[in-house]
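Undergrad: Based on what follows, work out the 3D shape:
(chains A and B)
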Amino acid sequence: MNITEKILARASGKTKVSPDDVIFANVDKVMVHDVSGPGVIAVFEKLKKTGMKIEKLWAPEKVWVAEDHFVPAADKISAQNVVLLTQFTKEYGIEKHFKYGMGQYGICHTLSHEEAMVLPGEVYVGGDSHTNTTGALGAFAAGLGHTDVAYVLLNGKIWFKVPETIYFKLNGKLPDYVMAKDLILKIIGDIGTDGGAYKTMQFGGSGISEMSVEERLTLTNMTTEAGAKSGIIEPDQKIRDYLAQRGATNYSEVHGDPDAQYEKTYEYEASELDPIVAKPFSPENITVARELSSVSLDKAYIGSCTGAKLEDLRAAAKILKGRKVKIRTEVLPAAISIFRKAMDEGLVKIFMDAGAMVGPPTCGACCGAHMGVLAKDEVCISTTNRNFPGRMGHVESKTYLASPLVAAASAITGKITDPRDIK
Amino acid sequence: MEPFITIKSIATPLDKVNVDTDQIIPKQFLKLVQKTGFGQYLFYDWRYEKDGTEKKDFVLNEPKYKNSKILLARNNFGCGSSREHAAWALLDFGFRAVLSTSFADIFYNNCFKNGILPIKVNEQVLQKLFESRSEIEIDLQKQTIINDDTSISFDIEPHWKKILLEGLDDIAVTLQHNDEISKYEAAQRNSSLGVS
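TA: Reported below is the predicted structural model:
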């Protein structure tokens, strides 16, 4: 069995599972945020109207809550939803509620690793499609709809059809100026936005071993854009060290067997990869950054669970140091802990000296909700994960997806720029 | 939920691939905390002009589709965000079935949770339905799609079929076993093997 099959077998009390088996898995962790939380509450309310009593959750200590999409509260309704979420966590005794303005908070997927909320070998589900992100720690991580999350909150179990796994092997270390974002965009371009539909996308090979934990998280994060059920990477010493730094040492890792089966294997030579950009209006619509050097921009956005981890900020700062931005540039670290580290390392000063705006963690602009949305006809280069019509603001705005290096280089020139061309 | 037995209706042809849930229900409507009333916002940016009037060239606004219960969609329908509001909006608008060559996974499951039947058909069948002008009848018990005197069968997991035919709710199904669950939990607490 491969790692995904072994995790799902263990979670369902079976010795062996195979792709397409339907299993009933015990869930280890569940996450809701300020969109899926109120959605779950709506499901609970509807159930209560049918006469059902909902007095307790299956295991409040395994549930955690993030405020990220519409915070800092974008308007009155968003503010009310945060109140609703707070009442919910109080009523059901959920202690791990990361509230904005009270110490650590941030984008749910970022907290999942920054706070070691999820551990290797676990089954983790969340009310958000990018829940896949956390699979980089060696967990089975998948997004669910609100009804499914409500179900897990009450029962602690959920059924899965064991997915086939597609294996992506990266040979060699990524060259300078090429990041995990470039690799995952290349992969999505190759297999399409439904190329991973109901499958697990697993990453491995010497290039992944060389890759830092945060970079690996960029890969699994965007498996969602290929339609994947989950993304996963086998845990190694880097993962153990990363989690140990966050106080987590007690878990039971799962690794694939030597004869693990994969539906298909794709191989990539790291040395052959270039900085990649996905053009509007699909993440699969890729080309090399250099081909787009005539595209004029209005804004560069360095934010989100995909592209505002500490290393993403370091990459952007490497380019922005001692230079000035030519277009509106917004940097929003993905969690308060990352914001603080960026300050301590002097990255925030570099951004501000360059003229960029630095803001609090939020999903706001990434999903076009608030805190920096795009106007009609505006063009943005962004370290985020989606570029559907209207995704980051007006339905006639345009978003190009790229790595933090490409976004920062483009911020300096005002046009889409390969970071290797910055003199 | 309202059981799904058979439906017969003209089908609304939405001729676009990779329709994501941002298009089905834009982000500004995610803040609402009830499950109903989302139909008016379905495909909002495609459906309305800036002043709120209906766009004449969008298929949902054509009078003949006003009471349509079936949506014909192209490949990878429902991709992107996991927002269940997408299923809520389709249902609230009046759609009970969506036919496509493929669906995004989370959206596909969300449909069943809300009494919508998503049916996967092959490219040829879908194309024929897109070109048809006549009503389509879907019989869930028999697992057939009938159009222009042709009957096409479709697959569905037995569990989902039961849920839809009986109008059941996934949580309600489990909580029918509440007594057994409570007894089991009590036994576990008293057992030395209990892990909690």
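
Undergrad: contacting residues for the nearest residue to residue A:205 once chain neighbours are set aside?
TA: In space, residue A:205 comes closest to residue A:169 once its chain neighbours are excluded; the distance is 3.9 Å by C-beta to C-beta, 6 or more residues apart in numbering or on different chains. The way it works is simple: take the backbone N, C-alpha and C, and place the C-beta from them, glycine included. Taking C-beta atoms under 8 Å, 6 or more residues apart in numbering or on different chains as the criterion, residue A:169 is in contact with A:203-205, A:265-268.

Undergrad: between these, which is closest to residue B:33?
TA: If you rank the contacts of residue A:169 by distance to residue B:33 using C-beta to C-beta, residue A:203 comes first, at 37.5 Å.

Undergrad: What residues are bridge-paired with the closest one?
TA: Beta-bridge partners for residue A:203, by DSSP bridges, are residue A:168, residue A:233.

Undergrad: wait, what's in contact with it?
TA: A:167-170, A:216, A:219-220, A:231-233.

Undergrad: what do you get if the cut-off is 7 Å, keeping everything else the same?
TA: Residue A:203 is in contact with A:168, A:170, A:219, A:233, counting by C-beta atoms under 7 Å, 6 or more residues apart in numbering or on different chains.

Undergrad: any idea how far it lies from residue A:163?
TA: Between residue A:203 and residue A:163 the computed distance is 15 Å (C-beta to C-beta, to the nearest Å).

Undergrad: And the next helix or strand past the helix ranked longest in chain A?
TA: Across chain A, the helix with the greatest residue count (assigned by DSSP state H) is helix A:76-91. Past helix A:76-91, further along toward the C-terminus, the next helix or strand under DSSP states H and E is strand A:96-98.

Undergrad: thinking again about what came up before, mind giving me the PyMOL select for the contacts of residue A:169, buried ones only?
TA: To isolate in PyMOL the members of the contacts of residue A:169 that are buried, counting by 16 or more other C-beta atoms under 10 Å in any protein chain shown, one can use:
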select buried, chain A and resi 203+204+205+268
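
Undergrad: now the strands: where do they sit in the stretch 301-423 of chain A?
TA: Listed in chain order, the strands of the stretch 301-423 of chain A (DSSP state E, counting those that start in this stretch) span A:328-331, A:357-358, A:379-382, A:398-401.

Undergrad: And whatever residue of the stretch 151-300 of chain A ends up closest to chain B, how far from residue B:81?
TA: Nearest to chain B in the stretch 151-300 of chain A, going by C-beta to the nearest C-beta, is residue A:194, at a distance of 4.1 Å. Distance, residue A:194 to residue B:81, by C-beta to C-beta: 15 Å.

Undergrad: Neighbour count: those two, which is higher?
TA: A side-by-side neighbour count of residue A:194 and residue B:81, using other C-beta atoms under 10 Å in any protein chain shown, places residue B:81 first with 28 against 22.

Undergrad: close enough to count as contact, that one and residue A:127?
TA: No - distance between residue B:81 and residue A:127: 10.7 Å, which falls outside the contact criterion (C-beta atoms under 7 Å).

Undergrad: Quick check: next helix or strand after the lowest-mean-pLDDT helix or strand in chain A?
TA: Lowest on mean pLDDT, DSSP states H and E among the helices and strands of chain A sits helix A:36-49, with a mean of 91. Note on helix A:36-49: by DSSP H and E, the next helix or strand toward the C-terminus is strand A:63-66.

Undergrad: anything in that next one near chain B?
TA: No - with C-beta under 7 Å from any C-beta of the partner chain as the measure, strand A:63-66 is seen stopping short of chain B, the closest distance being 14.4 Å.

Undergrad: could you pull out the helices for chain B?
TA: Counting by DSSP H, chain B has these helices, from start to end: B:21-24, B:44-47, B:85-93, B:105-113, B:123-131, B:158-166, B:170-175, B:178-190.

Undergrad: swap in chain A?
TA: Here chain A has its helices, by DSSP H, at A:3-11, A:36-49, A:76-91, A:108-114, A:146-155, A:180-191, A:206-210, A:213-221, A:237-245, A:304-307, A:310-320, A:336-344, A:347-354, A:404-413.
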